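turn this into a structure:
(chains A and B)
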Amino acid sequence: MSLNDFIKQLDDLVEAASTRFEHAINSVDQEVLEETRIEYLGAKSGKLKEVQKGLGKVAKEDKPVAGKRFNEVKTRLEELFQSAADAITGGGGKKGKVEALDVTLPGRRPRLGHIHPITQTIDELKDIMGRLGFSAVEGPEIEDDWHNFEALNIPLEHPARDPLDNFYLNVASTGTGGGNQLMRSQTSTVQIRVMENEKPPIRIVSLGRVYRPDEIDATHYAMFHQIEGLLVDTNVTMADLKYVLRLFASSYLGHDVEIRFRPSFFPFTEPSVEVDMRWQDTWLEFGGAGMVDPNVLKSVGYDPEEVTGFAFGLGVERLCMRRHGINDIRYLYDSNTKFLAQF
Amino acid sequence: MLVSWDWLKQYLDLDVSEAEVCDRLTLAGLNFDGSSTVDNDRCLDLEVTSNRPDWLGHIGIAREVGVLFDLDLKVPSADISKVSTGGACSKIVQIEDEEFCPRYIARSITGVTIGDSPAWMVNRLRTIGIPTINNVVDATNYVLMEIGQPLHAFDMDKLTGDTVRVRKAEHDEKFLAIDHREYLLSTDDYVIADKNGAVALAGVMGGKETEVTEMTSDLLIEAAQFAALPVRTTSRRLKLKSDSSYRFERGVDPEMIDWASRRCCELIVDTAGGEVCEGHVYAGSQPSARKSVTLRLSQIPRILGIDVYQPEVRRILERLGNEVTQQSEKAITVIPASWRRDIEREVDLVEEVARIHGYDQIPEHAGVSLSASHQSDLDRVRNKIRMGMLGMGFDETLTRSIVSDIWSKAFQGWSLAEPLTTSMPMVKGEDRLRVSLIPSLLGARRNNEKFSYTHIDLYEIAKVYLPKPKALPDERYMVGITSGRDFFELKGVIEGLVGMLNPNVKINTIPYTDPIFAEGQGAHLTINSTTLGYIGVVCDKARKAFGLQQPATVAELDLGALMKLAVLIPQHQDFSTHPAMNRDLNLIVDEDVSWSKLQDISYSAGGDLVEVVTFQEIFRDPKKDGPGKKRVLFTVTLQAYDRTLTGEEADATIAQILAACDKETGAKLLA
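Take a look at the predicted model:
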């Protein structure tokens, strides 16, 4: 056998083996790999063994070159096998002991935080009202008599002003002209501030923390959140109020919802109503609403003969708790990460 | 207001079911809260709003039912002419302050026999939970629950002197009430007094000394009107609430006081015998004339969004007891009912029409016009911060705005002024408006440590209240953060947060000392020399004070400062597309050379070709470098906007940086 023929045999062998090991890799099958190994590197009848027989037939003077070449091919085939084995078992495996990748092990998760359920509720309510054209505004949590009571048509003798029902501040004469300062007891104060500074049409939601002294228990907290809507324009009626509230309730609950008004009393609205929404065949209390009292419009310099408006307010905690099945309001303010991580 | 079904039916020929009545009342403003069976009667619980004192008696509720079902109301005539004699009431009544007591009617009854009340009265009172005492006291309670007018029966023989006086209590005057408790009065309280002193706390409760007992034979029956605010003040201060004070706080019908007085006398004589003295005492003034109110019919659609047929408007207003004095096609004028002092304006009449006509008549498909709305910058920034904190593994929490004195002083980085206090605590011992969120967050850590949670990474976005002399306080939103991570991890969180709002801002960090921070481990963060906030490692002493076991870091950022730096709509900036080149420098410097110093020098000395200077690490080898030295390893990334840098250019720039670092800090390149 000529040297060239022998080398050609070796080259063909490498080429064929490459293809076969490639195939084994693609099959991701240890058995296929083993079969391929035996096919080429098998000690008794492997193809390499077969070719090796040709080495003896090569001319004596060509033997060193042929032998060197043969050894190179042998190494090459062993490499092909090893890299195929590595590829199938995930690599890095050492000879004789293949380390398997257990793909069922848990991933390394980045730690994610959570957004408070009250924030999530507020965001959702703001978002819905935003789609209805209401812009969100905020105001101070510490207020004077004027914004918290007087301008809202709550006279001095009204029980809502009772010192025991409000967090008044212990401030000596403050010079703000408004008299006493207190932690606001409602977010309607923001409506007054907006109306004092802007002309109709007004279309806002005001929201934030409000404060009322209350013994803290599973259903009461001395600090809570309110969201209030206000629309003032020419020709605003209670029918508009009902329409907006129905859209609001439908958006929040995700399907068509019926709205019911029950007469009620709030100093800053007239007529005043409690709003119920029909959800899963029961009437749920939703919040208070009504037409802005003419006295309130007058107090901010609007003419009640020119404009009318509606306002509504809801307690955020109640909606949040009902939505998420939270049965104790204290969880909302306890900072327990086991609670917070649920939302 | 608890209502006896049997009692209610006395005033109406009512042929509808209890359920239907309750439904209609609910939709008319008397919310039905439930009912129960008491003996053979039904007790209905109806919620009465504070503007409707007329609903605090069975007649008022029967009137409403009458309007809703178009039934006539039968009010007892309270005629006492058959049981009265020509005698005069033996007492004179003096009112010291007519603002407090505009009118006081006294009648006397002689020769009563104290005993049990008749079964019908006992049953009705029992249905609504009023305990029965004797036929006289029960009669006063019965009329109270019938018309909402409080009454009081004094034992005439126990009243000394010839004058009953309505006056202010004296300072520290003592009063023994029928609940057998003694109350110490102040000059804010009003009493009914005889010659010897207070015999009743006006509008709230009668006195033990003059109460009706089995021995009583002659009575003085008081029916009066007292002002709401002082009655409430007294009742609140003494923690003494009664059915009477509840009604005076809401206002009684001034024109029915005499009726109530007569009705009470009639019932007493019916059940306890005796004779009413014909000459009664009326002290004070007559109720002022009621002012008429005109309703323009055009206001109904203008406010309600629906039309109501004119005869229906008239029917509703009349049924409710308003007297129509004038009517045209366009308007209707009424004199409001005496029990409706809350009807003063046109809009009040609109509400009455809406209430009775039915809010269910208002459609819910009005079609409000479209309007643009926008998200405020405050909301945008807050949302970004929340998303960033969420991504960095922090849970949002909400904590109380009002804290204890100790907490209010635990961190005073924002204000050294005395914190504002509230007139009463929010929870026991907590009456300070907080000036920092940090103490509340450390409290939250402690709550969680109790359950030994490993990761307690919390933040809160809320206001602090910094006192300002002679003005409403400075309310500022803060982002408070607490973590179990170390100083630089927390600093990295802040850098990440700021970078998310504006990638081109550099935070300056200046050492800051505060009792809450461990020594040398607190810092003041600024941007363009305005305060961004504070960061630090909580010292052992503070940790102990907050009951914390594990190490804690805290930070507080002024949301206003974050708002100022935030770029809400980033603008594209052109960037180099040529390859960048990194050169690592390892400099030996004195311990007191800060990283920011080396960084600043590198930027300024390197010039335009320096893309970024990145800190890698610090290590120390005193044996080789000598004491008081440290090695700072950092990477300078070089890049030109318009070309690929050559090795020579890079070398020259690095040489400039090294020379400048050497000149300004004595830094030597590690050989």
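
did I read that right, residue B:77 in a strand?
No: under DSSP: H, G, I helix; E, B strand; the rest coil, residue B:77 sits outside any strand and is assigned coil.

what is the neighbour count of the closest residue to residue A:169 other than its chain neighbours?
Closest residue to residue A:169 apart from its sequence neighbours, by Cβ to Cβ, 6 or more residues apart in numbering or on different chains: residue A:181 at 4.4 Å. From N, CA and C alone the C-beta is placed, and that goes for glycine too. The local packing of residue A:181 (other Cβ atoms under 10 Å in any protein chain shown) involves 24 other residues.

give me the beta-bridge partners of residue A:181?
Note on residue A:181: beta-bridge partners by DSSP bridges are residue A:144.

would you list every one of the strands in the stretch 151-300 of chain A?
Using DSSP state E, counting those that start in this stretch, the strands of the stretch 151-300 of chain A run over residues A:181-183, A:202-211, A:223-233, A:258-266, A:269-279, A:282-292.

now do the stretch 201-350 of chain B
Using DSSP E, counting those that start in this stretch, strands in the stretch 201-350 of chain B cover B:205-206, B:219-225, B:275-279, B:281-284, B:293-296, B:323-327, B:331-335.

number of residues surrounding residue B:126?
Neighbours of residue B:126 (other Cβ under 10 Å): 17.

and it, helix, strand or coil?
Following three-state DSSP, we place residue B:126 in the helix state.

from memory it sits against residue B:43, does it?
No: here residue B:126 does not reach residue B:43: they are 9.3 Å apart, not a contact under Cβ atoms under 8 Å.

can you pull the contacts of the closest residue to chain A within the stretch 401-550 of chain B?
Closest to chain A within the stretch 401-550 of chain B is residue B:444: 3.3 Å, counting by Cβ to the nearest Cβ. By Cβ atoms under 8 Å, 6 or more residues apart in numbering or on different chains, residue B:444 lies in contact with A:335, B:397, B:399, B:456, B:458, B:482.

if we go to 6 Å?
If you count contacts by Cβ atoms under 6 Å, 6 or more residues apart in numbering or on different chains, residue B:444 has them with A:335, B:397, B:458.

the closest residue to residue B:394 other than its chain neighbours: neighbouring residues, count only.
Excluding its sequence neighbours, the residue lying closest to residue B:394 (Cβ to Cβ, 6+ apart) is residue A:113, at 4.1 Å. The criterion is other Cβ under 10 Å. On that basis, residue A:113 has 22 neighbouring residues.

and for residue B:122?
For residue B:122, the count of nearby residues is 16 (other Cβ under 10 Å).

my guess is it contacts residue B:132, does it?
Yes: with contact defined as Cβ atoms under 6 Å, residue B:122 and residue B:132 form a contacting pair (5.1 Å).

and the residue of the stretch 401-550 of chain B closest to chain A, its phi and psi?
phi -70, psi -40 (degrees, to the nearest 10).

grab the nearest non-local neighbour of it.
Per Cβ to Cβ, 6+ apart, closest to residue B:444 is residue A:335, 3.3 Å.

tell me the SS of the one you found?
Residue A:335 - assigned by three-state DSSP - is coil.

mind checking pLDDT for it?
Note on residue A:335: pLDDT of 94.

these two touch, right, it and residue B:395?
No: between residue A:335 and residue B:395 there is no contact under Cβ under 6 Å: 8.4 Å.

would you list the strands of the stretch 201-350 of chain B in a markdown table and tack on distance to residue A:126?
What follows is those, written out as a markdown table (distance: least, Cβ to Cβ, whole Å):
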| stretch | distance to residue A:126 |
| --- | --- |
| strand B:205-206 | 49 |
| strand B:219-225 | 48 |
| strand B:275-279 | 66 |
| strand B:281-284 | 54 |
| strand B:293-296 | 38 |
| strand B:323-327 | 47 |
| strand B:331-335 | 43 |
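
closest to residue A:66 out of those?
Across these, residue A:66 has its closest neighbour in strand B:293-296 (119.6 Å, Cβ to Cβ).

neighbouring strands for the closest one, and are they parallel or not?
strand B:331-335 (antiparallel).

what residues does the partner strand touch?
B:290, B:292, B:294, B:295, B:296, B:317, B:322, B:323, B:324, B:325, B:326.

how close does the nearest residue to the first one once chain neighbours are set aside sit to chain A?
Of all residues not flanking residue B:290 in the chain, residue B:335 sits nearest, at 5.2 Å (Cβ to Cβ, 6+ apart). If you measure residue B:335 against chain A using Cβ to the nearest Cβ, to the nearest Å, the figure is 20 Å.

what is residue B:335 paired to in the beta sheet?
Beta bridges link residue B:335 to residue B:323 when assigned by DSSP bridges.

for it, grab the count of nearby residues.
Residues near residue B:335, counting by other Cβ under 10 Å: 16.

do you know how far it is from residue B:558?
Going from residue B:335 to residue B:558 by Cβ to Cβ, to the nearest Å gives 60 Å.

give me the pLDDT for the nearest residue to residue A:30 once chain neighbours are set aside.
Leaving aside its sequence neighbours, residue A:30 sits nearest to residue A:88 (Cβ to Cβ, 6+ apart; 6.2 Å). Residue A:88 is assigned 79 on the pLDDT scale.
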